[in-house]
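# Sequence and predicted structure are below.
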Amino acid sequence: MRRHIDAECRSVRALLEELTPREREVLTYVIAGLRNKQIAATLGTVEKTIKVHRGRVMGKMRVGSVAELVRMTEKISLQPSQLVNSLGRGTNSTNGFVLKQ
């Protein structure tokens, strides 16, 4: 059972490695529950751009829904970092991620 969980975690981490820094950033906001329009405003871009990034994240992570994406990231204890500073970026992590050990 433990080997299966370890293999699953390695698989999720490998998929995350395929994301660009911007896709990881968008992923952070998506799993935090923000809507495309909110993410666009926070990152200083347009909603269409976020839709493109979000679609690429979903494809690269091989999921069909945001709920599935959240469940996948929870498997490796991936948490959205604090998204409250003025730049809209996490203050205590790289690429907007906090990985629990």
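Cool, the structure landed.
# I'd like the next helix or strand past the helix or strand encompassing residue 3.
Assigned by DSSP states H and E, residue 3 falls within helix 2-17. The C-terminal neighbour of helix 2-17 among helices and strands, as given by DSSP H and E, is helix 21-31.
# residue closest to the middle of this structure?
residue 27 (2.5 Å; C-alpha atoms, centre = their mean).
# how much space between that residue and residue 50?
11 Å (C-beta to C-beta, to the nearest Å). Using the backbone N, CA and C atoms, a C-beta is placed for each residue, glycine as well.
# which helices and strands sit right next to the helix holding residue 3?
Under the contact criterion of 3 or more C-beta pairs under 8 Å, 6 or more residues apart in numbering; DSSP states H and E, helix 2-17 touches helix 47-61, helix 66-75.
# what comes up buried for the longest one?
So the one you mean is helix 47-61. 50, 53-54, 56-58, 60-61 (16 or more other C-beta atoms under 10 Å).
# Out of the helices and strands packed on helix 2-17, which is closest to residue 12?
Closest to residue 12 of the helices and strands packed on helix 2-17, according to C-beta to C-beta: helix 66-75, at 5.6 Å.
# contacts for that closest one?
Helix 66-75 has contacts (C-beta atoms under 8 Å, 6 or more residues apart in numbering) with 5, 8-9, 12, 27, 30-31, 57-58, 61, 63.
# quick check, nearest of the residues you listed to residue 18?
Checking the contacts of helix 66-75 against residue 18 with C-beta to C-beta, the nearest one is residue 61 at 8.4 Å.
# Not counting its neighbours along the chain, what's nearest that closest one?
residue 15 (5.2 Å; C-beta to C-beta, 6 or more residues apart in numbering).
# Tell me who's in contact with that neighbour.
Residue 15 sits in contact with 60-62, where contact means C-beta under 8 Å, 6+ apart.
# any idea how far residue 45 is from it?
When residue 15 is compared with residue 45 (using C-beta to C-beta), they lie 24 Å apart.
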